[in-house]
Structures are given as C-alpha cells and as structure tokens.
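> Curious how this folds, go ahead:
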Amino acid sequence: MKSTFLILFFAIAAILALFEVNAEPLAEPLANPLAEPEADPWAGRPPGFSPFRID
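Numbering: from 1, shown residues only. Sure, this is the predicted structure:
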C-alpha cells in the first residue's frame, strides 16, 4: 500500500516537473529604472531616409 502511494507520488511529481521545465515565465522581469534608454538608431537622419537604395 505504501509503495503504491510512493510510486503515484513520484509519478505525479515527475509529470509536474516536466510541465515546470517547459513553463513560460509569468511576467517579464522588472526593468532597471537606473538604466539609460537605448539610443535611437534613426536619430539625426532626415525624414524619409532609408539605408536601402531605391532606384
């Protein structure tokens, strides 16, 4: 009787562990409030500027 419960317990624990490994994080980590914002790569270029040639 005890061995049956132990086998079921470990089987359920193994199944839950599989789901835990594949689980997505529930929320994105909090952003660092002291971090500087990323520089805009398009800053300083004229409107309509494209790095691709348009012939």
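> make it CA atoms for all contacts and neighbour counts henceforth
Noted.
> so how far is residue 2 from residue 50?
72 Å (C-alpha to C-alpha, to the nearest Å).
> For the helix or strand hosting residue 7, which outside residues touch it?
If you go by DSSP states H and E, residue 7 is part of helix 2-21. Residues from elsewhere that reach helix 2-21 (C-alpha atoms under 8 Å, 6 or more residues apart in numbering): none.
> neighbour count winner among residue 50 and residue 2?
Comparing residue 50 with residue 2 by other C-alpha atoms under 10 Å, the one with more neighbours is residue 50, at 10 against 7.
> Which of the three states applies to that one?
What DSSP: H, G, I helix; E, B strand; the rest coil gives for residue 50 is coil.
> quick one: low-confidence ranges for the protein?
For the chain, applying pLDDT under 70 flags the ranges 21-31, 53-55.
> what about residue 6, distance to residue 46?
Distance of residue 6 to residue 46, computed by C-alpha to C-alpha: 70 Å.
> For the two, indicate the residue with more neighbours.
Shown here are residue 6 and residue 46; by other C-alpha under 10 Å, residue 6 has more neighbours (11 against 8).
> Would you quantify the distance from that one to residue 13?
According to C-alpha to C-alpha, residue 6 stands 10 Å off from residue 13.
> Check residue 47 too.
For residue 47 relative to residue 13 (C-alpha to C-alpha), the value is 59 Å.
> quick one, which of the two is more surrounded?
residue 13 (12 against 8).
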